[in-house]
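1. what's the 3D shape of this:
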Amino acid sequence: MIDTFAWTAIETTDGGIDLALIAAGPARVPTPVAQSQPARPIAREVRDRVRAALANGDTPYPSEDFGVYRLCGCGDRSMHDLAVAVAVAQLAIAPPWAGLLDHVVFLAELGLDGSLRPGSPPVSAAALAALARAEFRYIVTAAPENTDDIDRIEGITVLTPTGLGEVVDWLTSLAETIPAQGTSPKSAGMPIAHRIGPARVRRTTGCAGWAGCAELGDADNC
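-> As a prediction, the model looks like this:
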């Protein structure tokens, strides 16, 4: 079962969205995701950057060895950093918001100090609107230079915290207002969600309207 995860995405050159799921788990426990799906380990460089960001952002880091993987998506991207950090942090703090993450997409690079960066190029308003159409409810990203476009997107809340600590604080406040057991959307497009097994990963990420490389397979060559 996929219990520890976070969603992320990048915008493709043809204007599509390349959705990826970041999944994490203790190394001492066999990872069903890695055993049953073409999951790709997150690169050491990314893990080191995320570890520094978590430490400097006053966010706990797991005390035991763990594995962290990317399912679907065209290769590791710096825009995936925040999702990797959120997935890893769950192994250290057993947060009350874990069951809410099927509603949230994390799109930001991380500085070593735990700050959020918009990436280059930043995610466009069109890409954010596409995520809203897929029934995500929240997008957490670094603030762009011009916020006018994202302020006009309907059907989704765009949050622009400055650091990891603010992200965790917001997730904690969200858990206090939304019951986790009622959050899985009914859309056929994206509900990997809490307690859903890895056998459904292929079906739920390969939805119409997403970039072709969102389907699992040899994603790094797409």
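2. what distance separates stretch 55-70 from the middle of the whole chain?
-> How far stretch 55-70 lies from its chain's middle: 15 Å, per CA atoms, centre = their mean, to the nearest Å.
3. now the end-to-end length of that stretch.
-> 22 Å (CA to CA, to the nearest Å).
4. what comes up buried for it?
-> 56, 57, 59, 60, 61, 62, 66, 67, 68, 69, 70 (16 or more other CB atoms under 10 Å). Just so you know, the C-beta spots here come from the backbone N, C-alpha and C atoms, and that holds for glycine as well.
5. any idea how far residue 11 is from the second one?
-> Taking CB to CB, to the nearest Å as the criterion, residue 57 is separated from residue 11 by 25 Å.
6. for the last one, same thing?
-> Distance of residue 70 to residue 11, computed by CB to CB: 17 Å.
7. Run the chain-centre distance for the longest strand along the chain.
-> Secondary structure assigned by DSSP state E gives strand 17-26 as the longest strand of the chain. For strand 17-26, the separation from the chain centroid amounts to 6 Å (computed by CA atoms, centre = their mean).
8. That strand pairs with which strands?
-> strand 5-11 (antiparallel), strand 66-71 (antiparallel) (DSSP bridges).
9. Which one of those strands lies nearest to residue 112?
-> strand 66-71 (18.0 Å; CB to CB).
10. Show me which residues of whatever helix or strand comes next after that closest one are buried.
-> Using DSSP states H and E, the helix or strand that follows strand 66-71 in sequence is helix 81-93. Within helix 81-93, the residues scored as buried using 16+ other CB under 10 Å are 81, 82, 83, 84, 85, 86, 87, 88, 89, 90, 91.
11. Among those, which one lies nearest to residue 142?
-> residue 82 (8.4 Å).
12. residues contacting residue 56?
-> 112, 113, 114 (CB atoms under 8 Å, 6 or more residues apart in numbering).
13. out of the residues you listed, which is most surrounded?
-> Counting neighbours by other CB atoms under 10 Å, residue 114 leads those with 22 neighbours.
14. Could you find the closest non-adjacent residue to that residue?
-> residue 57 (2.5 Å; CB to CB, 6 or more residues apart in numbering).
15. what about the one you found, distance to residue 40?
-> Distance, residue 57 to residue 40, using CB to CB: 25 Å.
16. in this structure, which segments are predicted with low confidence?
-> By pLDDT under 70, the low-scoring segments of the chain are 1, 15, 30-38, 74-75, 145-151, 179-222.
17. hey, where'd the strands end up in it?
-> With DSSP E as the criterion, the chain has strands spanning 5-11, 17-26, 40-41, 66-71, 104-107, 109-110, 116-117, 138-141, 157-159.
18. for the last one, packing partners?
-> Right, strand 157-159. strand 138-141 (3 or more CB pairs under 8 Å, 6 or more residues apart in numbering; DSSP states H and E).
19. So which elements touch the strand it packs on?
-> strand 104-107, strand 157-159, helix 164-177.
20. The same query, at a cut-off of 10 Å, please.
-> If contacts are counted by 3 or more CB pairs under 10 Å, 6 or more residues apart in numbering; DSSP states H and E, strand 138-141 sits against strand 5-11, helix 81-93, strand 104-107, strand 116-117, helix 125-133, strand 157-159, helix 164-177.
21. do you know which of those lies nearest residue 141?
-> Across the helices and strands packed on strand 138-141, closest to residue 141 is strand 104-107 (CB to CB), at 4.3 Å.
22. Restricting to C-alpha, output that closest one in PDB.
-> Taking C-alpha atoms only, strand 104-107 is exported to PDB below (Å, rounded to 0.1, in the frame of the first residue of the first chain):
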ATOM      1  CA  VAL A 104      -2.300  18.600  -2.900                       C
ATOM      2  CA  VAL A 105       0.400  19.100  -5.500                       C
ATOM      3  CA  PHE A 106       3.800  20.400  -4.400                       C
ATOM      4  CA  LEU A 107       5.700  22.400  -7.000                       C
END
